[in-house]
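K.L.:
need a 3D model of the sequence below.
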Amino acid sequence: MPVPLAPYPPPPMPLTTPDNDYQSQLVCSGCQNLLLYPVGATSVCCAVCNAVTAVPPPGTEMAQLVCGGCHTLLMYIRGATSVKCSCCHTINLAMEANQVAYVNCGSCRMLLMYQYGASSVKCAVCQFITSVGASTSATEEQKFNT
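P.N.:
Residues are numbered from 1 along each chain as shown. A predicted model of the protein is given here:
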């Protein structure tokens with residue numbers, strides 16, 4: 001007598017990644033983890049620290065900077081003049097690209113960034129104070145703009 005064979009199990013469903021048109025991302029205001037959320041959400045609750053982070057309105061341009069106190073990457077709405085770090089509470093100046101200039105440290109040659117128009121800048125590595133003039137900052141800026 002023939003034994004009936006069971007049908008083969010269905011093949012596993014392929015893993016699909018969400019389409020970027022339907023998701024966006026932001027940095028958690030509590031633990032600084034990257035959060036993914038569906039477009040249209042007004043806030044996101046972090047699964048790690050349970051902090052609720054407000055989602056900026058659609059079309060808002062965002063910018064990033066590294067906190068001067070704890071070196072955490074911070075995201076902020078472009079055009080803000082200062083950003084408070086949620087980790088160490090340092091108030092960071094948010095400058096646009098045309099508000100900063102660059103110069104190499106006069107002692108250790110480390111590339112330094114400073115507010116355009118400053119007369120000197122102190123190196124965080126060797127503590128040397130480098131005087132900056134219009135000719136130095138213009139030369140350094142030309143290197144980065146080309």
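K.L.:
going forward, measure contacts and count neighbours with C-alpha atoms only.
P.N.:
Will do.
K.L.:
which parts of this structure are strands?
P.N.:
Ranges of strands in the chain, per DSSP state E, are 23-27, 34-38, 43-45, 52-54, 62-66, 73-77, 82-84, 91-93, 100-104, 111-115, 120-122, 129-131.
K.L.:
looking at these, which is buried most?
P.N.:
strand 100-104 (a mean of 20; mean count of other Cα atoms under 10 Å).
K.L.:
that one pairs with which strands, parallel or anti?
P.N.:
Using DSSP bridges, strand 100-104 pairs in its sheet with strand 111-115 (antiparallel).
K.L.:
from the chain's centre, how far out does the partner strand sit?
P.N.:
19 Å (Cα atoms, centre = their mean, to the nearest Å).
K.L.:
now do stretch 99-107
P.N.:
22 Å.
K.L.:
same check on stretch 103-116?
P.N.:
22 Å.
K.L.:
try stretch 69-86
P.N.:
8 Å.
K.L.:
what comes into contact with that stretch?
P.N.:
26-27, 29-30, 32, 60-67, 87-88, 90-96 (Cα atoms under 8 Å, 6 or more residues apart in numbering).
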